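Participant: Here's a sequence, model it:
(2 chains)
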Amino acid sequence: MKTAPAKNLQSNLHQVGQAFQEQVDTIQDIALLFKATLGWFFKRPWRWDEIFHSVVQMGIGSLPVVLISTAFAGMVVTNELAWHMNEALSSISMIPGVSGQFIVRELGIAVPAMILVAKVGASTTAEIGTMKVTEQIDALKLLGIDPVGYLVFPRLIAAIISITALTLIAIGFTLIFAIFVAVAKFNFGTFEFINALRPFVGVGDLACALCKGISFGILIPMIACGYAFRCQGGAKGVGSTTTNAVVTATVAVILVDFIWTYVFSLLL
Amino acid sequence: MSIRFEKVSKSFGPPEARKTILKDVSFEVAEGEILFILGKSGMGKSVTLKHIVGVMKPDSGRVFVDGKNVADLDADGLSEMRRSCGMVFQHPALLDSLSVYDNVSFGLRTPQFNRGRPRPLSEAEIRQVVREKISLVHLKDEILDLSPPEISYGMQKRVSMARTLAPEPKFLLFDEPTTGLDPITTTAVNDQIQELSRKLKVTSVVVSHDMGCALSIADRILVLDQAKILFLGTPKEAIASKETLIQEFLEETLANQSKPGGSR
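Facilitator: Numbers count the residues shown, from 1 in each chain, chains lettered A, B, ... in the order given. Purely as a prediction, here's the structure:
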C-alpha cells in the first residue's frame, strides 16, 4: 500500500505528465494546421476582402501602440548606453554604432513582436475560440466550408504582410527617436549620427529583420489559431486558451528570434 | 433517406479514466420520421448527432446516412453528405461578422451547393430563397440587414433555422434547439420544428430535454441512459412506460405545464 507522500508525488507527477502531453498535442495540432493552411496557397479564390480587413485590423490597428512603444524603447536604450559608455570609457562617440546596431538587429524587432503577440495573438485566439465554443466553426463545416481556408488562411496572409511591415516601420521609428535623444541630449548632429551608424548596419541586418518579421507573421497567427481550434468550455475556456496561446507565442517568438540571430551571426 | 446506427460505441478521456458515452447503440430513423432523443446531460445525445454528420467517428460500430457508411466517406463524400444534413445547434452559431441576409444565404454560395447545378444561383434567386426561408420561420424582412448581435436570442435561433433550411437539406438535426429560450419562444420553435419537418417532408432528429414537446410532435422517442438505449418507442408507449427515468421526465413535464406560461 502506498503512503500519502508517495501518492501525492504520483499525483503531482501525473499532473505534470498530463500538462506536458497537452502541450505536445497542441504543438502537433499547430503543425498539422500549418500544413493544412499551406495547402490553401494553391487554391483559388483568395478571400481578398477578408485579407484586407485583417491587414487593417492587425497592421493599422496596431500601428499607434507599436510606434509609441518603440519610440520610447529607442530613447531609453540610447540614453542608457550613453550613460554606461561615459562611465566605462569616458566617451560617447560609439553611441550611433552600438545603439543603431542594437536597434536594427534586436530592439526594433523584439518590442513590436511582443506587442503584436499580445494584441494580434490574443484577439485572434479570443475571436476564433469564441467561434469554436459557440459552434460557429461546426456550422461552417456543415455548410461545406473548410474553416482553415475561411478563417485561418486569410489571417495568415494578413499577419505576414502586417507584421513584416510593422517590423520594418518599427525599426525606422526606433532609430529616429534614438537619433532624437542623441541630438537633443548628447549634442550629436543628425547626419553625424547617421554617418557614424553606416559602417555598423548593412543589408544583412535588414535581411535578418525581414526574416524575423516574416517568421513572426507566421508564428503568431498559427499559434493563436491552433490554440483557438482546441478551445472548449465556454467563456472560461476562451480566457484560459487565450492566455496559453499568448504565453506559447511569446516563448516561440523569443526562440525564433534567437535562432535567426544565431544564423545571421554566422553569416554576417 | 434514413439514418441507421449499428452497434455504435464511443468513449472519451485518458485510458485510466475512460468514460463510455455510447455502448453498442443501434437504432434507425425512417424517411420522413421525427425522432426525439432524450436523456440527462452527458448521456451522449449531442455525441449521437455529431456522429451523424461525421464530426465524430465511432470507436466501433457503423453510422449509415442515406445508405452510406459515414466512416467510409472521403473528404468530398463527407462534404456532400453534410450538405444533405441541416443542423440547428444549441447556440445560434451565426457568423457575427455577417448580416442576417449573408448568414442565411451563406450555404447557397458554397461550391458544394452549386456542384451539379448548371449555374450558380443569381443574386435575385438567392434573395428570393432567403425571403422565403425567413418567412417560413416567421421573421420579417426588416431584420435582413441587421447583424446577429442586433437581434434577440430567440430571433437568432430562428435565423439559424432559416440558414439551415436554405440549401434544402434532406435531414434536419436539432441540438437542443430550445435551450436558453423563454417558454413562449420555446413553444413557437417547437411548433416550427413540426411544421418544417412535415411541410418539407424531411427526416428529423431532435436532441432535447423537453418531454412535453417530444410527446406532442415526435413520431418516436429514444431515451439514452448510462451509454445505452433505455427506451425507444412511440409517445403513447413512453406514457405507458414504467421506466423510472421516463416517469421522471413525465412528472417534470406535468410540473412545467402546471406553471403559468409553461410549455406544453
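Participant: Nearest the middle, which residue of the chain would you pick?
Facilitator: Picking chain A for this. Nearest to the geometric centre of chain A sits A:Ala113, at 3.5 Å (Cα atoms, centre = their mean).
Participant: You answered for a different chain; I wanted chain B.
Facilitator: Taking Cα atoms, centre = their mean, chain B has its central residue at B:Phe174, 1.5 Å away.
Participant: what helix or strand is that residue on?
Facilitator: strand B:171-175 (DSSP states H and E).
Participant: downstream neighbour of that strand in the secondary structure list?
Facilitator: The helix or strand immediately downstream of strand B:171-175 is helix B:183-200, counting by DSSP H and E.
Participant: which residues sit against the following helix or strand past that next one?
Facilitator: Going down the chain from helix B:183-200, the next helix or strand is strand B:203-208, by DSSP H and E. By Cβ atoms under 8 Å, 6 or more residues apart in numbering or on different chains, the residues outside strand B:203-208 that reach it are B:1-3, B:29-38, B:45-46, B:48-49, B:52, B:170-178, B:193, B:197, B:214, B:218. (Each C-beta comes from the backbone N, C-alpha and C, glycine too.)
Participant: Please apply the same query to stretch B:125-135.
Facilitator: Residues from elsewhere that reach stretch B:125-135 (Cβ under 8 Å, 6+ apart): B:100-101, B:104-105, B:108-109, B:121, B:140-141, B:143-144, B:159, B:162-163, B:165-166.
Participant: Let me know how buried the residue of the stretch 1-150 of chain B found nearest chain A is, in neighbour terms.
Facilitator: Nearest residue of the stretch 1-150 of chain B to chain A (Cβ to the nearest Cβ) works out as B:Gln112 at 3.3 Å. Close neighbours of B:Gln112, defined as other Cβ atoms under 10 Å in any protein chain shown, add up to 17.
Participant: Please point out which parts of the lengthiest helix in chain A sit buried.
Facilitator: Counting residues, the longest helix found in chain A (DSSP state H) is helix A:4-39. Across helix A:4-39, burial judged by 16 or more other Cβ atoms under 10 Å in any protein chain shown covers A:Thr26, A:Ile30, A:Leu33, A:Phe34, A:Thr37.
Participant: show me what contacts the last one?
Facilitator: What it means is A:Thr37. By Cβ under 8 Å, 6+ apart, the contact set of A:Thr37 is A:Val148, A:Val152, A:Phe153, A:Leu156, A:Met222.
Participant: picking that back up, buried subset of the contacts of strand B:203-208?
Facilitator: Buried among the contacts of strand B:203-208 by 16+ other Cβ under 10 Å: B:1, B:3, B:29, B:33-38, B:45-46, B:48-49, B:52, B:170-178, B:193, B:197, B:214, B:218.
Participant: A:Ile145 belongs to a helix?
Facilitator: No: assigned with DSSP: H, G, I helix; E, B strand; the rest coil, A:Ile145 falls outside any helix and is coil.
Participant: State the distance from the closest residue to it other than its chain neighbours to A:Pro45.
Facilitator: For A:Ile145, ignoring the flanking residues on the chain, the nearest one in space by Cβ to Cβ, 6 or more residues apart in numbering or on different chains is B:Thr110 at 6.0 Å. Here B:Thr110 is placed at a distance of 13 Å from A:Pro45 (Cβ to Cβ, to the nearest Å).
Participant: Can you check what pLDDT the model gives the closest residue to chain B within the stretch 51-200 of chain A?
Facilitator: The stretch 51-200 of chain A approaches chain B most closely through A:Gly144 (3.3 Å), counting by Cβ to the nearest Cβ. A:Gly144 is assigned 80 on the pLDDT scale.
Participant: which stretch of helix or strand covers the residue lying closest to it once chain neighbours are set aside?
Facilitator: Of all residues not flanking A:Gly144 in the chain, B:Gln112 sits nearest, at 3.3 Å (Cβ to Cβ, 6+ apart). Per DSSP H and E, B:Gln112 falls inside helix B:111-114.
Participant: which parts of the helix or strand just after that helix are buried?
Facilitator: Using DSSP H and E, the helix or strand that follows helix B:111-114 in sequence is helix B:123-136. The neighbour-count check on helix B:123-136 (16+ other Cβ under 10 Å) flags B:Ile126, B:Val129, B:Val130, B:Arg131, B:Lys133, B:Ile134, B:Leu136 as buried.
Participant: swap in stretch B:83-94?
Facilitator: Buried residues in stretch B:83-94, counted by 16+ other Cβ under 10 Å: B:Arg83, B:Ser84, B:Cys85, B:Gly86, B:Met87, B:Val88, B:Phe89, B:Gln90, B:His91, B:Pro92, B:Ala93, B:Leu94.
Participant: and the first one, what helix or strand is that in?
Facilitator: B:Arg83 is located in helix B:75-84, with elements delineated by DSSP H and E.
Participant: Now the element after that helix, going C-ward?
Facilitator: Once the chain leaves helix B:75-84, the next helix or strand it forms, by DSSP H and E, is strand B:85-88.
Participant: Can you tell me how far A:Val246 is from B:Ile184?
Facilitator: Using Cβ to Cβ, A:Val246 is found at 43 Å from B:Ile184.
Participant: quick one, which of those two is more surrounded?
Facilitator: Neighbour tally, A:Val246 and B:Ile184, criterion other Cβ under 10 Å: the higher count belongs to A:Val246, 20 against 11.
Participant: Would you agree the more buried one is in contact with A:Thr124?
Facilitator: No: assessed by Cβ atoms under 8 Å, A:Val246 is found out of contact with A:Thr124, at 10.3 Å.
Participant: Figure out how far stretch B:94-106 is from the centre of its chain.
Facilitator: A distance of 20 Å separates the C-alpha centroid of stretch B:94-106 from that of its chain, computed with Cα atoms, centre = their mean, to the nearest Å.
Participant: Let's see it as CSV, backbone CA atoms only.
Facilitator: C-alpha atoms of stretch B:94-106 as CSV (Å, rounded to 0.1, in the frame of the first residue of the first chain):
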residue,chain,number,x,y,z
LEU,B,94,-24.5,32.7,-36.7
LEU,B,95,-21.4,34.4,-38.0
ASP,B,96,-21.3,37.8,-36.2
SER,B,97,-19.3,39.5,-38.9
LEU,B,98,-22.0,38.9,-41.5
SER,B,99,-25.6,40.4,-41.7
VAL,B,100,-28.6,38.2,-41.2
TYR,B,101,-29.1,38.1,-45.0
ASP,B,102,-25.5,37.0,-45.6
ASN,B,103,-25.8,34.3,-42.9
VAL,B,104,-29.0,32.8,-44.4
SER,B,105,-27.6,33.0,-47.9
PHE,B,106,-24.2,31.6,-46.8
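Participant: Give me the contact status of that stretch with chain A.
Facilitator: Yes: interface with chain A: stretch B:94-106 contributes B:Leu94, B:Leu95, B:Asp96, B:Phe106 (Cβ under 8 Å from any Cβ of the partner chain).
Participant: State whether B:Asp96 is indeed within a strand.
Facilitator: No: read with three-state DSSP, B:Asp96 is coil and lies in no strand.
Participant: How much space separates it from B:Val159?
Facilitator: 12 Å.
Participant: For A:Gln21, state which of the contacts of A:Thr37 is nearest.
Facilitator: Comparing the contacts of A:Thr37 against A:Gln21 with Cβ to Cβ places A:Met222 closest, at 20.7 Å.
Participant: quick one: which helix or strand includes that closest one?
Facilitator: A:Met222 belongs to helix A:203-229 when assigned by DSSP H and E.
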